[in-house]
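1. Compute the structure for the input listed below.
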Amino acid sequence: MSARLGTALFASIFLAGACMLPHPKDDADAPASSPVVHDSANAAAAAKESAAIAAALQQVARAKNDYRLAPADLLSITVYQDKDMDRKVRINSDGTIALPLIGAVQIGGMTLADAQAVIEKKLSQYLVNPQASLFIEDYGNKTIFVMGEVQKPGSYPIPTESRMTLLEAISTAGGFTPVAAQDRARVLRYVDGQSVTYTINTREITSQGQKDKDMVLVPNDIVYVPQSFF
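-> Numbers count the residues shown, from 1 in each chain. Reported below is the predicted structural model:
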């Protein structure tokens, strides 16, 4: 066989084989790559959780606004443009406080707004259009809030002369619901005027015996138990 004939035969075989090879599928025919469903689900769940926490905080804020002043509560009272009237006073056992000019004022059992109105009315006998602001520096009844996926969300007092831990607070609120995310319970706390969030895996405390992670709560802490993602 001549070299020219051999070359022609090889070319024919190569071309025939090439024609038999499957053509690559067009990009449009190729199956689309699977979207990152898991990440999307996590993002949606995280957004839902953030909204739930915000709603819980609003509920706590409403509860604080509706709070009725009680003996041993420590109030910070300021009067606009009259620094001499500014005081920190603790409510007496009879529900009264003592202020300059107006003396004893009965505010026990009132909301902050009602107490403010009473103080302003009494001050109006001595000052022109007085504007008082009241803030609770310290609660006589030490209270924490347990919200989210617990059986009985609400506010609970810390036992007198005692302490309350995260797990004790959740237990006081009836324990977890079946859909609670026990691995990421939250404690929301204000430190130096800034909101700080602590995330705690309660399973590490209950199942692994890591008792040091059972955080001791302080008054006004908010315990929030989110819903499990899956």
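2. Scan this structure for its longest helix.
-> helix 37-65 (DSSP state H).
3. Which residues does the helix or strand following it contact?
-> Moving toward the C-terminus from helix 37-65, the next helix or strand (DSSP states H and E) is strand 74-79. Strand 74-79 is contacted by residues 69, 85-91, 97, 99, 119, 123, 127, 130-140 when judged by Cβ atoms under 8 Å, 6 or more residues apart in numbering. C-betas here are computed from N, CA, C, even on glycine.
4. Could you give the average pLDDT over the longest helix of the chain?
-> Mean per-residue pLDDT for helix 37-65: 73.
5. Would you enumerate the residues in contact with Ile119?
-> Neighbour list for Ile119: 77, 99, 102, 105, 107, 132, 134 [criterion: Cβ under 8 Å, 6+ apart].
6. Which element, helix or strand, includes it?
-> Going by DSSP H and E, Ile119 is part of helix 112-123.
7. From Leu167, how far off is Lys152?
-> 15 Å (Cβ to Cβ, to the nearest Å).
8. Please give me every residue in contact with the residue nearest the centre of the chain.
-> By Cα atoms, centre = their mean, the chain has its centre lying nearest to Ile53, at 4.5 Å. Shown in contact with Ile53 (Cβ under 8 Å, 6+ apart): 148, 186, 188, 224, 226.
9. which ones among those are found in strands?
-> Within the contacts of Ile53, residues falling in strands by DSSP state E are 148, 186, 188, 224.
10. which of these lies closest to Asn42?
-> Arg186 (17.1 Å; Cβ to Cβ).
11. Just to check, that closest one is in contact with Val223?
-> Yes - proximity of Arg186 to Val223 meets the contact threshold set by Cβ atoms under 8 Å, at 7.2 Å.
12. out of these two, which sits in the busier spot?
-> Neighbour tally, Arg186 and Val223, criterion other Cβ atoms under 10 Å: the higher count belongs to Val223, 29 against 21.
13. low-scoring stretches of this protein, by residue?
-> Within the chain, the stretches with pLDDT under 70 are 1-38, 41, 64-65, 193, 230.
14. With that, I have no additional questions.
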